[in-house]
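A.B. asks: Need a 3D model of the sequence below.
(one chain, ligands or ions: 2)
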Amino acid sequence: MTVETVSTGSSTLYSEMENKTADWKRYFGALNSMFRSRMLTHTPFFLAHAMTFGCNSRCKTCTYWRNIPRMKEDLKTEEVYQLLDEAYDAGMRGYYMFGGEPLIRQDIDKITDYAKKKGFVTVMNTNGSLLEKKGKSLKNLDFAFVSLDYYNDYDDVIRGRSGTFSEVIRGIYELKRIGKTKVALVTTISAMNWNAMRPMAQLASDLGVGISFNSVEQSMDFGQTSSETTPNFDVGLDPAKLKDFYGTLLELKKEGYPLLETENVLQDFVENKSWTCHFPKMFLYVTPNKQVYNCDYSYAYDLKKGTLDQFFKSEAFRSYSKSAETCNKCVRTCVRGYSYTYGLFPRQLWGLAGQARYLFNQPEESCSIDDSPGASRKRLGRSRNQPMQH
Ligand code: SF4
Ligand code: SF4
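C.D. replies: Numbering: from 1, shown residues only. Ligands and ions are numbered 1, 2, ... in the order given. Next comes the predicted model:
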């Protein structure tokens, strides 16, 4: 080994250590912003930004893609930077990107770079279709939550896009190969994939990633839509199925599958316990054209005309935040989980510590999945699964 090789190797190691230190600083900054909110300000620390009205999928459980003609209202790159500056100055340290599909934006790499450089922990919810193509430009994305609703190409039917299953598997493989982004699956359970919970948990386990489950509930549209305009009435879970949904998740959790939900959150859903929702104090939902909406999709504020500080000091924000505490409407496990974390429940914090390994999956863990539908069926047939219908 030459002197030059040794010095190049040690400078690479040094810069890797520097990057890791900077990363931990950002994570602690995000944690600190949560504590500040909890103890002091009671205002959101996560900017949840729907980055575009556009989407390249046509999911059967969603009508958002019908907003595509409104893509011209999406914020321009510089305007997103400005939004990030405003959020940072208001004490936020988490940037949650979703859409529509955030990866259809041409400037997604620049925005992710800017957010991370500014000091945000960067998180993206994506349908995964463009991950393989854009993975290399996402070196500053910390976490990717990738939607996948089935364990073979029936996923293409649910997501309304041919080739989705393969794209997602190859995209996850690519992110793991690059090794900069932690990956987890997000599976939305509806009447279309009711039989898929166990196989999906198995698939996540085989891929070496965590998994979080959502459910579609029939009437969970907060009155924004009607049976003519929402698919939920047809594919949502009725109350009996919802109860089974939580029961199955609890079973899977106890069996050691890599679910991101903690056991106490699932147990409390099974026992139908009431809880205090802190969602408005954690997340600020901003639309692609910079409007603030509440968690029930009611309009809240025009960020083009006023500041975040003015909004957080308003009576409207305070009363929204207060009324949320007793709402109890959400069927989503993540919202209850976030609220328990914000409430600093010891059992929740203990549960999160125990499962951090599912989220902080190591890049060197190889992804051994063959993405062809036939291979997927064969492999899952050998696993600990119940019989499957598709
Ligand atoms: S990918 Fe997301 S936004 Fe697009 S259609 Fe599916 S659920 Fe809706
Ligand atoms: S429980 Fe109610 S207040 Fe909390 S996020 Fe859900 S709908 Fe909003």
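A.B. asks: Ligand 2 contacts on the protein?
C.D. replies: Contact residues (Cβ under 6 Å from any ligand atom) of the chain with ligand 2: 277, 279, 295-296, 324, 327-330, 335. From N, CA and C alone the C-beta is placed, and that goes for glycine too.
A.B. asks: Return the subset of those lying in helices.
C.D. replies: Among those, the members found in helices (DSSP state H) are 279, 324, 335.
A.B. asks: ok, the last one touching residue 278?
C.D. replies: No. Here residue 335 does not reach residue 278: they are 9.1 Å apart, not a contact under Cβ atoms under 8 Å.
A.B. asks: shared neighbours, these two?
C.D. replies: Common contacts of residue 335 and residue 278 (Cβ atoms under 8 Å, 6 or more residues apart in numbering): none found.
A.B. asks: For the nearest residue to residue 304 once chain neighbours are set aside, the count of nearby residues, please.
C.D. replies: The shortest distance from residue 304 to any non-neighbouring residue, by Cβ to Cβ, 6 or more residues apart in numbering, is to residue 290 (5.1 Å). The local packing of residue 290 (other Cβ atoms under 10 Å) involves 20 other residues.
A.B. asks: ok, and for whichever strand or helix holds residue 158, which residues are buried?
C.D. replies: Residue 158 is located in helix 154-159, with elements delineated by DSSP states H and E. Neighbour counts over helix 154-159 (16 or more other Cβ atoms under 10 Å) mark 154-159 as buried.
A.B. asks: What of stretch 252-269?
C.D. replies: Within stretch 252-269, the residues that count as buried by 16+ other Cβ under 10 Å are 252-253, 257-266, 268-269.
A.B. asks: just stretch 342-353 next, same as before
C.D. replies: Of all the residues in stretch 342-353, those buried under the rule 16+ other Cβ under 10 Å are 342, 345, 348, 351-352.
A.B. asks: who's in contact with the residue of the stretch 251-390 of the chain at minimum distance from ligand 1?
C.D. replies: Closest approach between the stretch 251-390 of the chain and ligand 1, counting by Cβ to the nearest ligand atom: residue 288, at 11.6 Å. Going by Cβ under 8 Å, 6+ apart, residue 288 touches 50-53, 70-71, 73-75, 99-100.
A.B. asks: how about 6 Å then?
C.D. replies: For residue 288, the contact set (Cβ atoms under 6 Å, 6 or more residues apart in numbering) comprises 50, 52-53, 74.
A.B. asks: do residue 250 as well
C.D. replies: 266, 270.
A.B. asks: what's the offset of the helix or strand it falls within from the middle of its chain?
C.D. replies: Residue 250 is part of helix 239-254 when elements are defined by DSSP H and E. Between the mean C-alpha location of helix 239-254 and the chain-wide mean there is a distance of 21 Å, by Cα atoms, centre = their mean, to the nearest Å.
A.B. asks: And stretch 289-304, by the same measure?
C.D. replies: Stretch 289-304 has its C-alpha centroid displaced from the chain centroid by 20 Å (Cα atoms, centre = their mean).
A.B. asks: Ends of it, what's the gap?
C.D. replies: Start-to-end span of stretch 289-304 (Cα to Cα, to the nearest Å) is 9 Å.
A.B. asks: what comes up buried for that stretch?
C.D. replies: For stretch 289-304, the neighbour count (16+ other Cβ under 10 Å) marks 289-295, 300-301, 303 as buried.
A.B. asks: on that earlier part again, show me which pair in the buried residues of stretch 342-353 is furthest apart.
C.D. replies: 342 and 351 (14.4 Å; Cβ to Cβ).
A.B. asks: Cheers, nothing more for now.
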